[in-house]
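1. coords below, sequence missing:
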């Protein structure tokens with residue numbers, strides 16, 4: 001079945017990007033195919049897509065042979081996605097719901113890759129949820145995600161840089177995160193005010209004796225007042241200052257100077273205190 005151009009699909013269904021839902025549509029089929037190539041061969045693999053909209057990235061995933069589960073809360077887009085279901089029978093499941101309200105592991109029921117042009121207003125929330133789960137390795141095998149470029153840079157940032165913060169630690173302490181591609185604002189309809197970039201994350205081996213929840217609380221406190229010394233930013237977090245001393249980390253340092261490994265050591269020491 002030959003599919004009509006994406007712009008024609010948009011016109012046929014009277015679709016326009018919703019600012020309230022953080023939508024920006026991608027029409028460039030070659031660019032979409034390049035994005036889908038980032039996680040490697042998808043033939044026969046289960047892929048979760050969040051916010052497919054009219055189905056631009058969905059098409060590329062289906063062309064690559066993936067079995068796609070797409071979660072879309074915008075009912076206006078469902079008819080356009082239904083046409084893709086007809087064109088790729090048995091390869092696309094569409095769920096009209098809020099991605100934040102669903103258990104993705106339960107929904108998929110098997111190991112899966114995530115590929116999404118994430119709606120800007122929920123991108124960081126979804127990312128921290130995927131990265132913050134206690135069970136590891138996760139059921140997702142990779143994340144290939146479109147973010148605002150500023151957010152993408154925060155995910156892959158190194159210690160001592162202005163972009164380094166909570167997202168970098170959460171992304172890097174037991175995973176490999178890389179900036180895979182930059183996407184110019186002009187590629188979108190309507191063009192957003194900012195540039196975008198694609199981050200690719202693959203899970204690694206989790207350090208032993210470290211709770212993801214403890215690490216999240218630690219980084220939230222440390223970077224919540226990033227200009228202050230750790231002795232000030234962490235004083236309200238039970239056990240944190242004692243853990244710094246245990247790890248021989250100077251409490252007059254600021255959060256952005258600690259390496260990912262140092263944050264992991266502090267979180268482990270905090271966990272040891274509880275045990």
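-> Yes, it's here. If you're wondering where the values come from, they're calculated on a predicted model, not measured in any experiment.

2. which residues are in contact with the helix or strand bottoming out on mean pLDDT in the chain?
-> The least trusted helix or strand in the chain, going by mean pLDDT, DSSP states H and E, turns out to be strand 188-189, with a mean of 75. If you take CB atoms under 8 Å, 6 or more residues apart in numbering as the criterion, strand 188-189 is touched by 10, 17, 24-27, 196. C-beta coordinates here come from the backbone N, C-alpha and C atoms, glycine included.

3. helix or strand right after it?
-> strand 196-203 (DSSP states H and E).

4. so what secondary structure elements neighbour that next one?
-> Under the contact criterion of 3 or more CB pairs under 8 Å, 6 or more residues apart in numbering; DSSP states H and E, strand 196-203 touches strand 140-148, helix 149-156, strand 175-183.

5. just the contacts of strand 188-189: which are in helices?
-> residue 10 (DSSP state H).

6. buried ones from the contacts of strand 188-189, can you make that a ChimeraX selection?
-> Per 16 or more other CB atoms under 10 Å, the buried members of the contacts of strand 188-189 correspond to this ChimeraX selection:
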select :10,17,24,25,26,27,196
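
7. quick check: of the contacts of strand 188-189, which lies closest to residue 266?
-> Closest approach to residue 266 among the contacts of strand 188-189 (CB to CB): residue 196, at 33.4 Å.

8. isn't that closest one up against residue 151?
-> No: shown here, residue 196 and residue 151 do not form a contact pair, counting by CB atoms under 8 Å, at 9.2 Å.

9. just to revisit the earlier point, now render the contacts of strand 188-189 as CSV, adding pLDDT and distance to residue 159.
-> What follows is those, written out as CSV (pLDDT from 0 to 100; distance: CB to CB, whole Å):
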residue, pLDDT, distance to residue 159
10, 78, 44
17, 57, 37
24, 71, 32
25, 75, 37
26, 82, 33
27, 79, 39
196, 92, 25
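
10. sort out for me which of the contacts of strand 188-189 are in strands.
-> Judged by DSSP state E, these include 25-26, 196 as members of strands.
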